[in-house]
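Undergrad: Build me a model from this:
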Amino acid sequence: MSYFVDEVIVPETLDGPGADDFRAFVTVRNTVEAGVVGNDVLTMQAHELLPAFRSNPQRARRLFTVSVDGAPVGRAMVTTRPLAAGAGADLVVDVLPAYRGRGIGAALLDHVEGIGRAAGAPALQSFVAHSVVAGGDRIASPTGYGDLPAGDPGVRFLRAHGFVLEQVARISVLELAGLEARLAELRAAAQAAAGDEYRLHTWQGPTPAEWLDELAVLRTRMSTDAPMAGMTVVPDPWDAERVVAHDDRHFAGGRTVLTTAVEHAPTGRLTGFSEIEIPSSGATAHQGDTLVLRDHRGHRLGMLLKAAVTQELLERAPQIDAVVTFNAEENRPMLDVNEALGFRPMGFEGAWQKRVEVAGE
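TA: Next up, the predicted model:
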């Protein structure tokens, strides 16, 4: 059976043309992810996603749906990087459970794969949430850390279409109730280990002008320093202008970013940061990037940053009762920090890849 793939034009506003199609696209996203992890902590509202799903100079995005009887039952997105030769294309394909096994996912995947190949991407990549199922046949990560249930629908679909598992990330959640004393103790111990050479700065919302260049360095290093196993990765350069545009997109979507950064006092340079995204509605915040530069590791700065930014979250956003985060299973130092804070596993994300064959190779 063949299906017609419709392109969803990202609307200018949710009151204008195309808004209903975009909302339907987001509904499929949220329904599938809630079904996988068993709750709605990964759910995001259409107005929050709208600015992020628009194309920008660094990311070109195209959205698609397949409908049955006039209602979207599957969605796909392809993201390419026009300014970064050698970068992979990021693909997303979701189909509502009741409509799987009919070729809808295959039609969507074929469509977005074609766009990724046409853009010259050397690899097609997909980051997919998977269910937590104990026992049974497992697909091990080639990193040696983590595995996934072979019977998971996403696992079966991607393997059937030639994708290879490169990495497993843990999805964890931290309940904030009663956490004040633990955070204070962990922060104090981490500050004592770090000593007087390191001092914290926290801001809510846009990055202060004095730290734009420094944060651009840290965000650039996220693309090279974060563990990505065998995924095709190229440096993703940031500058102050891009940091401002990134902050503006969050503001436009109604999400507030709470950031704590650590400064190396003798040099005046930022050596690490951690951020939490506070939603415009709902009670679950999302941990964004956390990074400590390699030259400054070993001073417990990761714990210092995460304990401090979570303390700030408790004070500034009392409506939030949980934080969700993603970490590579081989990133034991960050998992140690999270486990000490009280994060518990609630799901897994697989990093999948299909290398594109180039004529003549």
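
Undergrad: pretty sure Gly136 is in contact with Leu148, am I right?
TA: No. Contact between Gly136 and Leu148 fails when scored by CB atoms under 8 Å: they sit 10.5 Å apart. For glycine as for every other residue, the C-beta is placed from the backbone atoms N, C-alpha and C.

Undergrad: Outside of stretch 327-336 itself, list whatever touches it.
TA: 141, 143-146, 167-170, 172, 226-229, 290, 297, 302, 338 (CB atoms under 8 Å, 6 or more residues apart in numbering).

Undergrad: can we see that at 7 Å?
TA: If you take CB atoms under 7 Å, 6 or more residues apart in numbering as the criterion, stretch 327-336 is touched by 141, 143, 145-146, 167-170, 172, 227, 290, 302, 338.

Undergrad: which of Gly136 and Leu148 has more neighbours?
TA: For Gly136 against Leu148, the residue with the higher neighbour count under other CB atoms under 10 Å is Leu148, and the figures read 24 against 9.

Undergrad: next SSE after whichever strand or helix holds that one?
TA: Here Leu148, judged by DSSP states H and E, is contained in strand 147-149. Toward the C-terminus, strand 147-149 is succeeded by helix 153-160 as the next helix or strand (DSSP H and E).

Undergrad: could you check the angle helix 153-160 makes with the longest helix belonging to the chain?
TA: The residue-count maximum for a helix in the chain (DSSP state H) belongs to helix 19-37. Interaxial angle of helix 19-37 relative to helix 153-160 (axes from the mean of the first three to the mean of the last three CA atoms, to 10 degrees): 100 degrees.

Undergrad: Does anything pack onto helix 19-37? Which helices or strands?
TA: Contact here means 3 or more CB pairs under 7 Å, 6 or more residues apart in numbering; DSSP states H and E; on that basis helix 19-37 packs against strand 6-8, helix 46-53, strand 60-68, strand 71-80, strand 89-95, strand 123-130, strand 344-355.

Undergrad: Can you add mean pLDDT and give these back as JSON lines?
TA: Listed next are those as JSON lines, based on pLDDT from 0 to 100:
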{"stretch": "strand 6-8", "mean pLDDT": "98"}
{"stretch": "helix 46-53", "mean pLDDT": "95"}
{"stretch": "strand 60-68", "mean pLDDT": "97"}
{"stretch": "strand 71-80", "mean pLDDT": "97"}
{"stretch": "strand 89-95", "mean pLDDT": "98"}
{"stretch": "strand 123-130", "mean pLDDT": "97"}
{"stretch": "strand 344-355", "mean pLDDT": "96"}
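
Undergrad: Sheet partners, orientation included, of the strand holding Leu148?
TA: The sheet places strand 147-149 alongside strand 138-140 (antiparallel), with pairing taken from DSSP bridges.

Undergrad: what is the mean pLDDT for the partner strand?
TA: Computed over strand 138-140, the mean pLDDT rounds to 97.

Undergrad: So which bits of it are buried?
TA: Ile139 (16 or more other CB atoms under 10 Å).

Undergrad: what does that strand contact?
TA: Taking CB under 7 Å, 6+ apart as the rule, strand 138-140 contacts 147-150, 155, 165.

Undergrad: Max pairwise distance over those residues: which two?
TA: Among these, the pair separated by the greatest distance (CB to CB) is Pro149 and Leu165, at 11.8 Å.

Undergrad: what about these two, which has more around it?
TA: Leu165 (24 against 20).

Undergrad: Okay, that one and Ala121: tell me how far apart.
TA: 19 Å (CB to CB, to the nearest Å).

Undergrad: Could you do Pro318 as well?
TA: For Pro318, the distance to Ala121 (CB to CB) stands at 44 Å.

Undergrad: ok, these two, which is more surrounded?
TA: Between Pro318 and Ala121, Ala121 has the larger neighbour count (other CB under 10 Å), namely 26 against 9.

Undergrad: Leu212 - how many residues pack around it?
TA: Counted with other CB under 10 Å, residues neighbouring Leu212 total 18.

Undergrad: my read is it is in a helix, agree?
TA: Yes. Going by DSSP: H, G, I helix; E, B strand; the rest coil, the assignment for Leu212 places it inside a helix.

Undergrad: That one and Gly205, how far apart?
TA: As for Leu212, its distance to Gly205 is 13 Å (criterion: CB to CB).

Undergrad: tell me the mean pLDDT over the host helix or strand of Leu183?
TA: Following DSSP H and E, one finds Leu183 within helix 180-194. Here the mean pLDDT over helix 180-194 is 98, rounded to a whole number.

Undergrad: how about that helix as PDB, C-alpha atoms only?
TA: Output of helix 180-194 as PDB, limited to C-alpha atoms (Å, rounded to 0.1, in the frame of the first residue of the first chain):
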ATOM      1  CA  GLU A 180      16.900  21.300  49.300                       C
ATOM      2  CA  ALA A 181      19.100  19.800  52.000                       C
ATOM      3  CA  ARG A 182      20.800  17.400  49.600                       C
ATOM      4  CA  LEU A 183      21.500  20.100  47.100                       C
ATOM      5  CA  ALA A 184      23.000  22.400  49.700                       C
ATOM      6  CA  GLU A 185      25.300  19.600  51.000                       C
ATOM      7  CA  LEU A 186      26.400  18.500  47.500                       C
ATOM      8  CA  ARG A 187      27.000  22.100  46.400                       C
ATOM      9  CA  ALA A 188      29.100  22.900  49.500                       C
ATOM     10  CA  ALA A 189      31.300  19.900  49.100                       C
ATOM     11  CA  ALA A 190      31.800  20.600  45.400                       C
ATOM     12  CA  GLN A 191      32.700  24.200  46.100                       C
ATOM     13  CA  ALA A 192      35.200  23.100  48.700                       C
ATOM     14  CA  ALA A 193      36.800  20.800  46.200                       C
ATOM     15  CA  ALA A 194      36.900  23.500  43.500                       C
END
